[in-house]
Each structure stands twice: as structure tokens, then as C-alpha cells.
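J.: have a look at this fold, sequence not included:
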Ligand code: KIV
Ligand code: ZN
């Protein structure tokens, strides 16, 4: 098993399915170029049969982008696959992503098929997709709630039919990390031809566990992660690219795995996707939130100013952030205030500083943050 984890970005497909998000063709291309610069391995550019806009997006990215695999999503239907094949025909390395549900819920309530019918439909879809490319990913929708024995059967048959990547989606964000890890491990250990495919984690965030589940899947043997920038996606979103990449990097002592992501481009692409999609990033979002490298309490400021490793496990420049920030609030201490005043070019006697500190505390009680202008006012009073 290799130590490389492939990053499959679906910001432009699953991410764009976020309610309220609609990206124009030129915006998709801008994001596509940024994803290539970031170093992702696969870009899922859209679902070509779903609309002329999605067809155009897949076709344009397939024509314009190099050094990356371009993927189009399809249902397990010949027409979908033909349309995706057409959209992808100019790609350097096209991938068709086809499949259908495997849980009893999806089989009965959505597909209205027996297990046998669904299996046959999936196998035929893979065989049909091979007319266009050998790079075929098969998704088993709602794997997280499916019977593992049926999942094993499907995996074995679609690999025989030619699938080279097997996507194991926790479509509803239902699983927990140990369970998802066991699912991937179970597939790898129980399917006789599992060595002929790469297994992929595709987790949704309904219970806030998408990143943890994806990392669980990687520990179980998956070597591809399906992610979106800022974790945007249906409902509570998909797994966030920046969280998985940084967890693999910061905890490489545990995972011993690599991606080819240029981590210093994570914050710039997060800001780009947020601006173009209109999806704000919450301030305390891991890795890329505005507060992720900001310290406001006195105890933390004191530690960080002595040595930032006391409270920071990620150096801000590693993800493209400017630097750690000391935010002055009513919880800040003398050390933080003295540090900021010195940065602004002010130095005081101990006595004057004590006086200023008391004024600062009174001011800080009236506002959420004391900024540089407030400090200048305080000093010149
Ligand atoms: O969540 C999911 O199951 C999906 C598939 C279409 C891959 O997005
Ligand atoms: Zn999904």
C-alpha cells in the first residue's frame, strides 16, 4: 500500500450543490486553476448531463487544465455516461465517476430495485464507461448505512468490470470514525480483488464528523479523500480539504502519509472560494477561519509571545496566513498590551504603563476588541 493520499476535490460538483451557491463558468475556471496550483490530483468538475452549464464546465476544464485528472459524475445510465464521455473527451486524463446506491433504504425508497438489479446496473455502467476511459471511479451511494456483505459483493463485481477507484460515500453523514474505518478495512480484507483498486473516502458532515470519518477511512486503508474547499456542500457540507490535508501533515507521526498539496496555498484558495461562492467561512473554522491564529486571553497571549508553540500547533505561514494575531480584549493581560504598544512604537515607564493598562481595561469592557486606533487614542489622552 502506498504512502501517498490522492486528493479528489469536488468543490465544483458536490460543493456547488450547496443551497444558494451558483458559480459562473469563468468563476469555475478560476477555481479550477487555483485547485491545480494547490496540487489536487483530481477535480470533479460537474455532473455533465444535469445541465448545459455543468456540461460546459466539465468540457472547459477538461480542455484548459493540465497536470490534473478531470472527472465528471454520472448516474449508472448509458445516456449519462455518453454525455460525460463527450464532455471529457479533450481532457489529458479523464475520469468517469459512476455508480448508484447500496443501502436498503436507497434500494427500496429511491431506486426501487432489488440488490441483484442494482448490482447488474452498476456493473453494466462500468462496462459502458470503459468505452471512454480506463480511469473509472465507482460510487456506492449511502455505503455508510449499507449491509457490508452486499457492499463487498458490489465492490468485487465492479472491480471485475473495470472500476479502478471505489468510492465509499457516507452520503448522509451517519457514521462515526471507528465505524467508517472498519467499513473501509472490511472491504479491503474481505474483497478478493481489492488490491486492484484504490479506495476513496467521501464523507458528509451532518453530525460534524466528516473530517474525523475521512481520517478514520485513511487509517482503514483508503488512499483517496474526496473533499471540498471550506467543506462546502449539500446540507451540512462535505469533508473540508484544508482540515484533512493539515491533519495528515501535522499528525504525520500517526499517519505517515503524504499529499502533494502546497499547504501555503490553502488560505488563499479558501478566501477565493468563499468570495466566489458567497459562503462565508465561520471565524473559528479550523485551519482557515479568521480566528484560527488569533489569541485573545491573557494567559494564551503570554504563552504565545514567549513561544508560539505553547498554543499553536500550526504555524500560520504554513497555510498562507500572515502571522499569529494578538487580539486585545477585556481578557488580555499586560504582556499582550505591552507587546502591541511596542509594535506601534510606544514605550513607557512602569508607572505610566500601569495607568494605561487600567484605562485599557475600562475601554475593553465597552467593546469586543481594542484596535490600534483605540490604543493611539488611549496613549494620547
Ligand atoms: O454523497 C454522495 O454519495 C455523493 C455521490 C454522488 C458520490 O456525492
Ligand atoms: Zn456527496
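T.: Sure thing, it's come through. Since this is a predicted model, take the numbers as computed values, not measurements. Ligands and ions are numbered 1, 2, ... in the order given.
J.: next up, the contacts around the closest residue to residue 110 other than its chain neighbours.
T.: Take residue 110 and drop its neighbours on the chain: the residue closest to it by C-beta to C-beta, 6 or more residues apart in numbering is residue 101, 6.2 Å away. The C-beta positions use only the backbone N, C-alpha and C, and glycine is treated the same way. Counting by C-beta atoms under 8 Å, 6 or more residues apart in numbering, residue 101 touches 107, 110-111, 118, 140-142.
J.: farthest-separated two in the residues you listed?
T.: Pairwise distances across these peak at 13.5 Å for 110 and 140 (criterion: C-beta to C-beta).
J.: okay, the two: which has more neighbours?
T.: Neighbour totals were compared for residue 110 and residue 140, and residue 140 leads with 27 against 13 (other C-beta atoms under 10 Å).
J.: give me the mean pLDDT for the strand or helix carrying that one.
T.: Secondary structure assigned from DSSP states H and E places residue 140 in strand 136-141. Average pLDDT, strand 136-141: 98.
J.: by contact count, what packs against the helix or strand following that strand?
T.: Going down the chain from strand 136-141, the next helix or strand is helix 148-161, by DSSP H and E. When contacts are defined as 3 or more C-beta pairs under 8 Å, 6 or more residues apart in numbering; DSSP states H and E, helix 148-161 packs onto helix 115-129, strand 136-141, strand 165-170, helix 177-190.
J.: centre of the chain to the longest one, how far?
T.: Right, the one you point to is helix 115-129. How far helix 115-129 lies from its chain's middle: 29 Å, per C-alpha atoms, centre = their mean, to the nearest Å.
J.: show me what contacts residue 286?
T.: Residue 286 touches 211, 240, 242-243, 246, 292, counting by C-beta under 8 Å, 6+ apart.
J.: do the same with residue 323
T.: Residue 323 neighbours (C-beta under 8 Å, 6+ apart): 293, 316-317.
J.: ok, the residue lying closest to residue 186 once chain neighbours are set aside to residue 183 distance?
T.: Spatial nearest neighbour of residue 186, excluding adjacent residues (C-beta to C-beta, 6+ apart): residue 148 at 5.4 Å. For residue 148, the distance to residue 183 (C-beta to C-beta, to the nearest Å) stands at 7 Å.
J.: of the two, which one has the most company?
T.: When residue 148 is set against residue 183 and neighbours are counted by other C-beta under 10 Å, the residue ahead is residue 183, at 25 against 14.
J.: wait, that one sits on residue 168?
T.: Yes. Assessed by C-beta atoms under 8 Å, residue 183 is found in contact with residue 168 at 6.4 Å.
J.: what sits in contact with each of those two?
T.: In contact with both residue 183 and residue 168: 143, 151, 217, using C-beta under 8 Å, 6+ apart.
J.: which single one of those is nearest to ligand 1?
T.: residue 143 (8.0 Å; C-beta to the nearest ligand atom).
J.: what's the local residue count around the closest one?
T.: Neighbour tally, residue 143, other C-beta under 10 Å: 29.
J.: tell me the angle the host helix or strand of residue 82 makes with strand 136-141.
T.: According to DSSP H and E, residue 82 maps onto helix 78-87. Helix 78-87 and strand 136-141 are oriented at 140 degrees to each other (axes from the mean of the first three to the mean of the last three C-alpha atoms, to 10 degrees).
J.: show me the strands in the stretch 201-350 of the chain, by range?
T.: Taking DSSP state E, counting those that start in this stretch, the strands of the stretch 201-350 of the chain run over residues 224-227, 294-295, 325-326.
J.: lowest average confidence, helix or strand, in this structure?
T.: Counting by mean pLDDT, DSSP states H and E, the chain has its least confident helix or strand at strand 325-326, which shows a mean of 88.
J.: now do that one: everything it contacts.
T.: Contacts of strand 325-326 (C-beta under 8 Å, 6+ apart): 293-295, 301, 304-305, 332, 336, 339-340.
J.: ok, 7 Å please
T.: 293-295, 301, 336, 339-340 (C-beta atoms under 7 Å, 6 or more residues apart in numbering).
J.: of those residues, closest to ligand 1?
T.: residue 293 (31.7 Å).
J.: which residues touch the closest one?
T.: 312, 316, 321, 324-325.
J.: please repeat the previous calculation with a cut-off of 10 Å.
T.: 267, 287, 304, 308, 311-312, 314-317, 319, 321-325 (C-beta atoms under 10 Å, 6 or more residues apart in numbering).
J.: for residue 154, same thing?
T.: 99-100, 102, 115, 118-119, 122-123, 138, 140, 143, 146, 163, 166, 187, 191 are the contacts of residue 154 under C-beta under 10 Å, 6+ apart.
J.: so which of the residues you listed reach ligand 1?
T.: Taking C-beta under 6 Å from any ligand atom as the test, ligand 1 is in contact with none of the contacts of residue 154.
J.: and the stretch 101-250 of the chain, which residues reach ligand 1?
T.: 139, 141, 167, 169, 171, 202, 204.
J.: find me the pLDDT at the residue nearest to residue 186, would you?
T.: Residue 148 is assigned a predicted lDDT (pLDDT) of 98.
J.: need phi/psi at residue 42.
T.: phi -130, psi 140 (degrees, to the nearest 10).
J.: residues near it, how many?
T.: Residue 42, neighbours per other C-beta under 10 Å, totals 24.
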